Structures are given as structure tokens and as C-alpha cells.
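Student: Any chance you could fold what I've pasted below:
(chains A and B)
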Amino acid sequence: MYDFAPLIDSINTWLNGHLSPLWAGIVSMVLLGVAILAFYAVLGLYLVYAERKICARMQNRLGPNRVGPGGLFQTIADLIKLLLKELIYIQNADALLFNIAPFIVIVASIMAIGSIPFAKGLQAVDLNIGVLYILAISSMGVIGVLIAGWASNNKYSVIGAMRSGAQVISYELSVGLALLCIITYAGSMQLSEIIKSQEDGWWLFKGHIPAVIAFVIYLIAGTAETNRGPFDLAEAESELTAGFHTEYSGIKFAFFFLAEYMNMFIIAALATTLFLGGWLPFHIYNFTFFNNLMDYIPPVIWFFTKTAFVIYVMMWFKWTFPRLRIDQLLALEWKYLLPISLLNLMVISFLTLMQWHF
Amino acid sequence: MTAYMEQYSLLTLFITAGVLVGGAIVFSYFVAPYRPGTVKSEPYECGIPTEGPTWIQFHVGYYLFAIVYLIFDVETVFLYPWAVVMKEIGMRAFVEVFIFFAILGLGLLYAWKKKALIWE
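Tutor: Numbering: from 1, shown residues only, chains lettered A, B, ... in the order given. Sure thing, here's the model as predicted:
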């Protein structure tokens, strides 16, 4: 009912019928680029808005409420202001690396978004190694952060970048191992295949307790990977001014900010796809009336509702818990999360071997 | 969409990201003011003049964690193909990965006992 593949196919056939193959390819590339760009910009701006509103609610304030109804245009005004601000160049900074860093963080996040399935057929690239691809590409972002901190010629930036590097590489292990649990269950790394394997129930429910443990580990490690929440050591305001992006001003700063929010979206979208059934509706076993009712809601809405829920949980973390010290942060990963996720993966492979999942 | 086109989709995303960042920076270059100054272009370290070189040796702890990370990350890369074919191979895959994990667990324990995981 809500399959996007025929739509995309018909666009392709129409283009191929009216244009030469070369121009059809170029036009479809431009269409994809514009679509991704519009999606990225709108989502980034409104995630910032959502964060500010939710933060304000949790601190018993109103949040942005002047520009537009309920402050809806506040982040657009902010973007225009940042575009018009001076780009300051620091003396003795490494100019080449300083300018390259925003490109790297944005490239990492946009390329990862291309592989996320928003609905059936609504996916820019459906690679057969989808999960590995997203992990590999999104971990490129840390190189941008390291370069930004190193090139700024600022001691706070260097400390922030080093902390960020140590933190992201450490927590990446737990993210990878938590995702491996679901890959073991589903027997595929292709994101559309993983969703297809959840048609009779989401992995969070039919994967028994180990899947729930993997989900919790993934949420904690994912929050740490985006340098957010209680793990925002890389840009701890009270210690390091703004961490690795202290020296960035104007639109370059805006890109680091945008990339942080989009990375959060990628982590949440991956959690949705692997654990919460992606764009599949919520079904209760043998409750046909309820299931049919749920089927009427379009998959895109299901996907974004689930993702928004995971993002809300991550924002909730940020405004609830105090920041960890670096030794606590590394101890949490290496002494708790990593051994637990290794054991968890063993249990899951045993369950898969015995066919004890549904 | 064919597999051939998918390669171009990735290229498109790459170019899109470059166009977004490059375009915005070029636009900002034309509309934003540019008034450099000696005080303005100093590194911001809470208003105090910066002292000594910035690019110095950093804490050795980061290095230790990076080494331990490398071991476990390579291990995770080995596990991905294993996880995909786990169902098909069955018991043998389980036993083999059990041995693999036992060796890795010993490695983690060793690093733990050697106090490589303690931040000083």
C-alpha cells in the first residue's frame, strides 16, 4: 500500500524515456542531491529547535517563543545570523586543516543518512553491508573533530579533540557489538533485509532479554558516540569553553553543530531500524482489528515517530545526568559495557544456534 | 534502481555534502564582514594571552586506549562476516567463536591487570 519503489522506478523510466541515458543519470543524481539536502537542512534545524524546547520544558522555562508561532522559525533566524557572521581566522592556525574539518564532519553524516531506509523503497542506497557501511562512514566524523581541534592552535581545542577521539573510538566497540547481536539474529547486514526479518515482531520483543540488553548498551554507547548528554567531555562548556570548536565562528561553527544533531539522528534511526522494526507498524500477536488499524498509518510516520522517541530519550539523558569525568567514562566502557556486550553476544549466538528466538 | 546506479548515489551524496559546506562558506564569504585584528585573531583561552606552544605531547593514556581499541576493533571486523553466516554454519561457528572470544577475553583481562585501563 505504501511502497515507494514503484514511484522511484516510474521517475527513472520517465527520465530514461525522455532523455539520453547520460542526462537521465545526471538529472536523477541532481534530484537525489536536492532531496537529501532539503531533508538534511530541515531535519537539522528542527532537531535543534526540538532540543531547545525540550531542554526548556525540563528546566521549567518556555524556550524559543518569539520568532514565528511558538518560536518555530527561531533556528532559521539563527542560521541566517550565523551566515552573516564574520569567519575569524586564528593566527598560527593550520589554515588548510582548519578549513577542511567542517567538510569531513558533514560528509560523514550525509553519506550515512543515504543508507537509512525511511520507508519501503525510500532509501538512497541499499547496500548489502548496510550496517557496516553506516558504522564505517559515521566513525569518519571523529577524524574531522580531531583535525578541528588540532588545527585550531588552542589548548582547549586540543584537549577537547583528544578526549573526543578516545571517547568515540572506545564506545564504537560497544555500538558495533550491540549491532552484531541483531545481525546474528537476522543473518544479514542489509538494512532492508533486517527490517523484513522483523515482520512478525520487532527484535527488541522477539529477541528475548539479550536484545533488550543490547538495545540499552546501544543507547548508552550511541549517546557517547555523538559526544552528547552526560558524555559531552569533548565540548564541556565549564572546562573547555567549547572544546574542539572553540575557534570556529559563523557558518563553520553551524556545521559542527548541525553534524552533532544529524549524528544523533543517525544513531536513533539505526536503533529504530535494527531494534524497533524500522518503518513496520506495531502489531500485537493475533489481535487482527488492532493490527489492521495500525497498518493504515503510513510507514514514514512510523519510522519518524520511533526515531523521535529514541532522540527524545537521548535528549532526556543530556538534561538529566551530570557530566562524567574522563576516567569514569573510559572505565564505564572498558570495564562494564565491553565485557557485558561480549557476553551478551555469546548468549545471543547460543540462542540463534538453538533457534530459541521466534 | 540498479546496482550500477547505487554507486552513483553514493557519489551524489558525497558531492552534495561538499556543495552544502562549500556553498555556505562561499556565500558567507561574500555577505559576512571581514575585519581582522591582532587581538581578534589570537586563540581564545579565556582572555589570558596564550602561553607556550599548543602542539605538544599529549597524555600517554590516550595512546594505550587507542592500542587496546585497535585489537578489539579488528576483532569486531572479523565478527561481522561470522554474524551473517552464523545460522547456516551452526555448531561449528559457535564453538570457533567461543574460542576466539576466550582468547580476546584473556587479552582484555591482561590489559586490565596491567592497569592499561586506569586513567592516571
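
Student: number of nearby residues for residue 31?
Tutor: With no chain named, the answer covers chain A. Residue A:31 has 14 neighbours, counted by other Cβ atoms under 10 Å in any protein chain shown. Where C-beta positions appear, they are placed from N, C-alpha and C, glycine not excepted.

Student: nope, chain B please
Tutor: As a burial measure, residue B:31 scores 10 neighbours (other Cβ under 10 Å).

Student: Report the contact partners of the nearest residue to residue A:322 once chain neighbours are set aside.
Tutor: If the residues on either side of it in the chain are set aside, residue A:322 comes closest to residue A:230, at 6.6 Å by Cβ to Cβ, 6 or more residues apart in numbering or on different chains. Shown in contact with residue A:230 (Cβ atoms under 8 Å, 6 or more residues apart in numbering or on different chains): A:223, A:317-318, A:321-324.

Student: For chain A, what's its nearest residue on chain B.
Tutor: Closest to chain A within chain B is residue B:119: 3.6 Å, counting by Cβ to the nearest Cβ.

Student: Just the pLDDT at residue A:218, thanks.
Tutor: Note for residue A:218: predicted pLDDT of 91.

Student: The helix or strand hosting it close to chain B?
Tutor: Under the criterion of DSSP states H and E, residue A:218 resides in helix A:208-225. No - Helix A:208-225 stays clear of chain B (Cβ under 8 Å from any Cβ of the partner chain), getting no nearer than 12.3 Å.

Student: That helix - contacts with which helices or strands?
Tutor: Helix A:208-225 sits against helix A:155-186, helix A:203-206, helix A:250-274, helix A:299-320, helix A:338-353, with contacts defined as 3 or more Cβ pairs under 8 Å, 6 or more residues apart in numbering or on different chains; DSSP states H and E.

Student: what does the shortest one rub up against?
Tutor: It refers to helix A:203-206. A:182, A:185-186, A:197-198, A:200, A:211-212, A:215, A:274-277, A:357-358.

Student: Run the chain-centre distance for that helix.
Tutor: In terms of Cα atoms, centre = their mean, to the nearest Å, the gap separating the centre of helix A:203-206 from the centre of its chain is 21 Å.

Student: pull the CA atoms of it into CSV?
Tutor: Provided in CSV are the C-alpha atoms of helix A:203-206 (Å, rounded to 0.1, in the frame of the first residue of the first chain):
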residue,chain,number,x,y,z
TRP,A,203,13.8,-7.7,17.5
LEU,A,204,13.5,-5.8,20.8
PHE,A,205,10.5,-8.0,21.6
LYS,A,206,11.2,-11.3,19.9
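
Student: buried sites along stretch A:279-286?
Tutor: Neighbour counts using 16 or more other Cβ atoms under 10 Å in any protein chain shown place A:279-281, A:283 of stretch A:279-286 among the buried residues.

Student: Turn those residues into TSV, including pLDDT and distance to chain B.
Tutor: Formatted as TSV, the buried residues of stretch A:279-286 follow (pLDDT from 0 to 100; distance: Cβ to the nearest Cβ, whole Å):
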residue	pLDDT	distance to chain B
A:279	83	18
A:280	81	21
A:281	81	25
A:283	78	24
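
Student: so residue A:269 touches residue A:308, yeah?
Tutor: No - Residue A:269 is not in contact with residue A:308 according to Cβ atoms under 8 Å; the separation is 10.4 Å.

Student: Give the residue from these two that has the larger number of neighbours.
Tutor: Each of residue A:269 and residue A:308 has its neighbours counted (other Cβ under 10 Å); residue A:269 has more, 25 against 15.

Student: what residues are up against the closest residue to that one other than its chain neighbours?
Tutor: Spatial nearest neighbour of residue A:269, excluding adjacent residues (Cβ to Cβ, 6+ apart): residue A:116 at 4.7 Å. Neighbour list for residue A:116: A:123, A:134, A:191, A:266, A:269-270, A:273 [criterion: Cβ under 8 Å, 6+ apart].

Student: try residue A:83
Tutor: Shown in contact with residue A:83 (Cβ under 8 Å, 6+ apart): A:250-251, A:254, B:24, B:27-28, B:31-32.

Student: please redo it, this time with the cut-off set to 7 Å
Tutor: Residues counted as contacts of residue A:83 (Cβ atoms under 7 Å, 6 or more residues apart in numbering or on different chains) are A:251, B:24, B:27-28, B:31.

Student: Could you give me the buried positions within stretch A:74-88?
Tutor: A:74-76, A:78-79, A:82-83, A:85, A:87-88.
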